[in-house]
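Colleague: Any chance you can model this:
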Amino acid sequence: MKNILTKLILMLILAGMTLSLASCNKNTDQFAAPAGFVTASAESADFYFYVPDDWTVDYSTAAAGAYYSSADPSSVSVMAWELEYTDTTVDEWWELNQSEVESVFTDFNLESTENITINDLYAKKFIYTATLGNFSYKIMQAACVKNSSVYLFTYTSLPENFDEHTDDVNQMLEFLIIK
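Modeller: Next up is the predicted model:
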């Protein structure tokens, strides 16, 4: 009887240790979405992009993206592409990007430029307003260069909704990981 009781106690201790170890390893994925966020980037992307779980991830484009709602179509996206010249800086890239933006939009007005970091990389954030057809937009773009690629985060909103989402957008930028 004593032998059976000893085995039973050992089994309970082992079971408890196993459950304890299993619960410790539950969240070891260093790239799991932060609490309250969901992953908006494909596994094959060379970045991890997270959006608040009350935004809708949009799989209809090649970019990783999401939008706020059908009533408020504010949207975010992240794209990456190879640069033609491997020594291109963010500032040089912006000069080309700005001229392309100005060729698509009318009434382009650069409101601010700020040096920031994205995932410990030097980056720049640009906020501007522009018109496309009959619609005016307020846009924030943040870009960084790693190796020979540029990573571009874009937040687009109607001007009257822009400030409503800046806390979310700043958190998205804070959580953006470049592989």
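
Colleague: Please count neighbours and contacts with C-alpha atoms only from this point.
Modeller: Will do.

Colleague: how close does the residue nearest in space to the middle of the chain get to residue 152?
Modeller: Residue closest to the average C-alpha location in the chain (C-alpha atoms, centre = their mean): residue 49, at 3.2 Å. Between residue 49 and residue 152 the computed distance is 11 Å (C-alpha to C-alpha, to the nearest Å).

Colleague: which residues are in contact with both of these two?
Modeller: Residues touching both residue 49 and residue 152 (C-alpha atoms under 8 Å, 6 or more residues apart in numbering): residue 78.

Colleague: okay, the nearest residue to residue 37 once chain neighbours are set aside: pLDDT?
Modeller: Using C-alpha to C-alpha, 6 or more residues apart in numbering and skipping residues adjacent in sequence, the residue nearest residue 37 is residue 52, 4.1 Å away. pLDDT recorded at residue 52 is 98.

Colleague: and if you look at residue 85?
Modeller: 87.

Colleague: what's the burial count for residue 99?
Modeller: Close neighbours of residue 99, defined as other C-alpha atoms under 10 Å, add up to 10.

Colleague: and it, helix, strand or coil?
Modeller: Judged by DSSP: H, G, I helix; E, B strand; the rest coil, the three-state class of residue 99 is helix.

Colleague: Check what pLDDT it gets.
Modeller: The predicted local confidence for residue 99 is 94.

Colleague: For it, give me its contacts.
Modeller: The contact partners of residue 99, taken as C-alpha under 8 Å, 6+ apart, number zero.

Colleague: And it, how close does it get to residue 105?
Modeller: To residue 105, residue 99 is 10 Å away according to C-alpha to C-alpha.

Colleague: For this structure, just list every one of the helices.
Modeller: Per DSSP state H, the chain carries helices over the ranges 2-24, 90-104, 166-175.

Colleague: Quick check: mean pLDDT of the longest one?
Modeller: In this model, helix 2-24 has an average pLDDT of 39.
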